[in-house]
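Engineer: could you look at this predicted model? Sequence included:
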Amino acid sequence: MRNGSSMEAWLFMLVIIASIIGVFVVGIVAVKLYRKLRPFEEEASTGFSISVSHNVQRDGFFKIFFVGLLLTSPALYLLFLSF
């Protein structure tokens, strides 16, 4: 370790990084389960078009992260309250 850095600071950084990754993983699992139970409804089209095939609805990064944040916010609050 470098001079002047404490073990508590490194552990706190590890907790912050782990909480961000944990929120994202919980969000992915929740959205995947939701899409398995209630998938997107596909529109009936008579022909095939490249622009229509690229216009598929997807769950983006921020939607997944927000869902994970909503589900894990009580645990994160208690975690950061203890520090």
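Structural biologist: Perfect, thanks for sending it.
Engineer: could you export stretch 9-22 as PDB, CA atoms only?
Structural biologist: Extracted C-alpha coordinates of stretch 9-22, given in PDB (Å, rounded to 0.1, in the frame of the first residue of the first chain):
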ATOM      1  CA  ALA A   9     -10.500   3.900   2.900                       C
ATOM      2  CA  TRP A  10      -9.800   1.000   0.500                       C
ATOM      3  CA  LEU A  11     -12.500  -1.100   2.100                       C
ATOM      4  CA  PHE A  12     -15.000   1.800   1.800                       C
ATOM      5  CA  MET A  13     -14.100   2.100  -1.900                       C
ATOM      6  CA  LEU A  14     -14.600  -1.700  -2.300                       C
ATOM      7  CA  VAL A  15     -18.000  -1.400  -0.600                       C
ATOM      8  CA  ILE A  16     -19.100   1.400  -3.000                       C
ATOM      9  CA  ILE A  17     -18.000  -0.500  -6.100                       C
ATOM     10  CA  ALA A  18     -19.600  -3.700  -4.900                       C
ATOM     11  CA  SER A  19     -22.900  -1.900  -4.200                       C
ATOM     12  CA  ILE A  20     -23.000  -0.400  -7.700                       C
ATOM     13  CA  ILE A  21     -22.300  -3.800  -9.300                       C
ATOM     14  CA  GLY A  22     -24.900  -5.400  -6.900                       C
END
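Engineer: after the lowest-mean-pLDDT helix or strand in the chain, which helix or strand is next?
Structural biologist: Across the helices and strands of the chain, mean pLDDT, DSSP states H and E gives its lowest value to helix 50-53, namely a mean of 57. Once helix 50-53 ends, the next helix or strand along the chain (criterion: DSSP states H and E) is helix 61-82.
Engineer: gap between that next one and the chain center?
Structural biologist: Mean-position distance between helix 61-82 and its chain equals 9 Å (Cα atoms, centre = their mean, to the nearest Å).
Engineer: what sits up against that helix?
Structural biologist: With contacts defined as Cβ atoms under 8 Å, 6 or more residues apart in numbering, helix 61-82 is touched by 15, 19, 22, 23, 24, 25, 26, 27, 28, 30, 31. From N, CA and C alone the C-beta is placed, and that goes for glycine too.
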